[in-house]
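J.: whatever this is, show me its structure:
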Amino acid sequence: MKDILDLYIKASELARIGIWEYDLQNNVLTWDQVTRSIHEVSEDFQPCIHKALSFYKEGVNRERITQDIDFVISNGGSFTNEYEIISQKGNHKYIISHSL
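T.: Coordinates of the predicted model:
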């Protein structure tokens with residue numbers, strides 16, 4: 001099983017597919033290395049939901065991700081959407097976020 005996980009990690013790094021998880025019960029947001037790289041933050045950056053949402057460009061993008069997350073929390077299901085973020089270094093990037 002470890003070999004499969006290692007292969008998945010290598011594939012996600014090559015494809016630049018970041019993974020994040022939001023634990024609602026404990027209010028803990030976790031980012032993998034690729035997500036940190038996309039957002040151009042340091043290895044020791046501790047994401048929280050407020051900090052994470054602040055990367056989404058103000059206006060439509062931030063409103064849409066907030067609505068998407070709120071909808072999944074309230075109703076279940078999932079979402080897939082494209083958003084513009086501004087990295088910690090000020091770079092504008094387009095990402096696709098998908099929830100499970």
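
J.: report the central residue of the protein.
T.: residue 20 (4.9 Å; Cα atoms, centre = their mean).

J.: in this protein, mark out all the helices, start to finish.
T.: Residue ranges of the helices in the chain, as given by DSSP state H, are 2-15, 33-39, 49-54, 60-75.

J.: start to end distance for stretch 44-51?
T.: Stretch 44-51 has an end-to-end distance of 14 Å (Cα to Cα, to the nearest Å).

J.: how about that stretch, which residues are buried there?
T.: Across stretch 44-51, burial judged by 16 or more other Cβ atoms under 10 Å covers residue 47. In this view, the C-beta of every residue, glycine as well, is placed from N, C-alpha and C.

J.: and what of stretch 51-60?
T.: So, applying 16+ other Cβ under 10 Å, buried residues of stretch 51-60: 52, 55-56.

J.: over to stretch 14-28?
T.: Applying 16+ other Cβ under 10 Å to stretch 14-28 flags 18, 20, 22 as buried.

J.: next: stretch 88-100.
T.: 95, 97.

J.: and that stretch, end to end?
T.: 26 Å.

J.: and stretch 84-97, by the same measure?
T.: OK, stretch 84-97 end separation, Cα to Cα: 10 Å.

J.: mean confidence score for it?
T.: Average pLDDT, stretch 84-97: 97.

J.: what does stretch 52-60 give?
T.: Stretch 52-60 comes out at a mean pLDDT of 98.

J.: contacts for that stretch?
T.: The contact list for stretch 52-60, computed with Cβ atoms under 8 Å, 6 or more residues apart in numbering, reads 20, 29, 31, 39, 62, 65-66, 83-88, 92.

J.: try stretch 2-22
T.: 28-38, 47, 49, 52, 69.

J.: what subset of those is buried?
T.: For the contacts of stretch 2-22, a burial check counting by 16+ other Cβ under 10 Å picks out 29, 31-32, 34-36, 38, 47, 52, 69.

J.: right, I'll call it a day here.
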